[in-house]
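Trainee: structure, please.
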Amino acid sequence: MRSARCPSPSAWTSTPPSSPPRPAWSSASPPRPLPHPEVQPEDPRLLAGRPVPHRAGSTAALAVHAERHPPQGPAWYQTHTIAYAQELGYDVHPIEAYLRRETGAYLDPWHDRLKTAYVDTLADLGVTKELDDRQFLAAMEQHKQVDPAMAAVLSAIKATVKGGVGKLRERPQGKSYKEGERWPALERPTWRPDIRAAVISKARVNMHRKLNNMVKMTGLYPLAVLSDCVVYPSPGDSPLDFLPYAASGKPQPGGFRLGPTPGLAKLEGVQTMLWAVDLMEQGYNPARHIKGGDAVLDEGE
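Mentor: Here you go, the predicted structure:
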């Protein structure tokens, strides 16, 4: 959807600047423009709206903007993002959308096949669903040494997921491309930036819910966030030292939980607080470097 006015409870004082350019669509599956739409999270809409301003003590901007510095004018947003902004108390009024009436579980077969392959491969490496959290952490620490060939298969599965989602918005390729020209990917029915945006938006909203729940259950805020990586302060060198658990020893629902299936958390790395502070003072994001190399940054919606 195209620009929506999204004043915060503290309200905007300036008029919206000019609207952002409309997105490029595949000629094989163009959406239908829809002015002044209602926000319905179940619909496959691509939305745009005015940026939600950051409020002191609030993490709302993290849920809406992928960028470190949010846009200062109208921008494109996916339906899940706009609906969540409304849920957080922002007054959002989309003024244009691109809507497809045809809906379906487009990615389900692909997702289910890769999820099964990922879980089964981890199990072959000794990381199974039956392990408790302490056993899970120990198994994950050693799984690459159990069978290097199978560990390479696991890496290939993860790369397939990332590459498959990225392919939905394939960029121009080659030195001969001139800015403003159409490129071959636009003519394919699989060029679907709206689906990629929906995947990223839904993942970001889900993570933000967990971040908020972590604050409620533990009082902890993250030091850094990058894509699907979150860095938390901890009194010890294990996630068990700060993740919320019930008196029974079971993980509290709603926060981050350890486990081998997609959607559950895994340990990326452990560093000292001094290390993190030093990086932040230099303007770097600790979440990018926490595992000893650069984490991958998705470009957002």
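
Trainee: what helix or strand does Trp275 sit in?
Mentor: Using DSSP states H and E, Trp275 maps to helix 273-281.

Trainee: for that helix, list the C-alpha coordinates in PDB.
Mentor: Extracted C-alpha coordinates of helix 273-281, given in PDB (Å, rounded to 0.1, in the frame of the first residue of the first chain):
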ATOM      1  CA  MET A 273      30.200  -6.600  28.000                       C
ATOM      2  CA  LEU A 274      33.500  -4.700  27.500                       C
ATOM      3  CA  TRP A 275      33.600  -6.100  24.000                       C
ATOM      4  CA  ALA A 276      30.000  -5.000  23.200                       C
ATOM      5  CA  VAL A 277      30.500  -1.500  24.700                       C
ATOM      6  CA  ASP A 278      33.700  -1.000  22.700                       C
ATOM      7  CA  LEU A 279      31.900  -1.900  19.400                       C
ATOM      8  CA  MET A 280      28.900   0.400  20.200                       C
ATOM      9  CA  GLU A 281      31.200   3.300  21.000                       C
END
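
Trainee: then the helix or strand just after it to PDB, C-alphas only?
Mentor: Scanning forward in sequence from helix 273-281 by DSSP H and E, the next helix or strand is helix 286-289. In PDB, the C-alpha atoms belonging to helix 286-289 read as follows (Å, rounded to 0.1, in the frame of the first residue of the first chain):
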ATOM      1  CA  PRO A 286      27.400  -6.100  18.300                       C
ATOM      2  CA  ALA A 287      24.700  -8.400  16.800                       C
ATOM      3  CA  ARG A 288      26.600  -8.300  13.500                       C
ATOM      4  CA  HIS A 289      29.800  -9.700  15.200                       C
END
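
Trainee: how distant is helix 286-289 from the center of its chain?
Mentor: Offset of helix 286-289 from its chain centre (C-alpha atoms, centre = their mean, to the nearest Å): 16 Å.

Trainee: now swap in stretch 121-137 and tell me
Mentor: The chain centroid and the centroid of stretch 121-137 are separated by 25 Å, computed with C-alpha atoms, centre = their mean.

Trainee: which parts of the stretch 1-150 of the chain are strands?
Mentor: 2-5, 32-35, 45-49, 75-78, 93-99 (DSSP state E, counting those that start in this stretch).

Trainee: weakest of these by average pLDDT?
Mentor: Of all the strands of the stretch 1-150 of the chain, the minimum mean pLDDT falls on strand 2-5 (a mean of 34).

Trainee: which parts of the protein are helices?
Mentor: Under the criterion DSSP state H, the chain contains helices at 60-64, 79-87, 108-124, 133-146, 148-167, 193-218, 273-281, 286-289.

Trainee: ok, and what's touching the helix holding Trp275?
Mentor: Applying C-beta atoms under 8 Å, 6 or more residues apart in numbering, the external contacts of helix 273-281 come out as 223-224, 231, 233, 285-286, 289. All C-beta atoms are positioned from the backbone trio N, CA, C, and that covers glycine.

Trainee: tabulate those residues (a markdown table), appending neighbour count.
Mentor: Listed next are those as a markdown table, based on neighbours: other C-beta atoms under 10 Å:
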| residue | neighbour count |
| --- | --- |
| Leu223 | 18 |
| Ala224 | 18 |
| Val231 | 22 |
| Pro233 | 11 |
| Asn285 | 20 |
| Pro286 | 23 |
| His289 | 19 |
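
Trainee: and of those, the nearest to Lys210?
Mentor: Lowest distance from Lys210 to the contacts of helix 273-281 (C-beta to C-beta) belongs to Val231, with 14.0 Å.

Trainee: my guess is the closest one contacts Leu220. True?
Mentor: No - the pair Val231 / Leu220 is not scored as a contact, 10.9 Å apart, by C-beta atoms under 8 Å.
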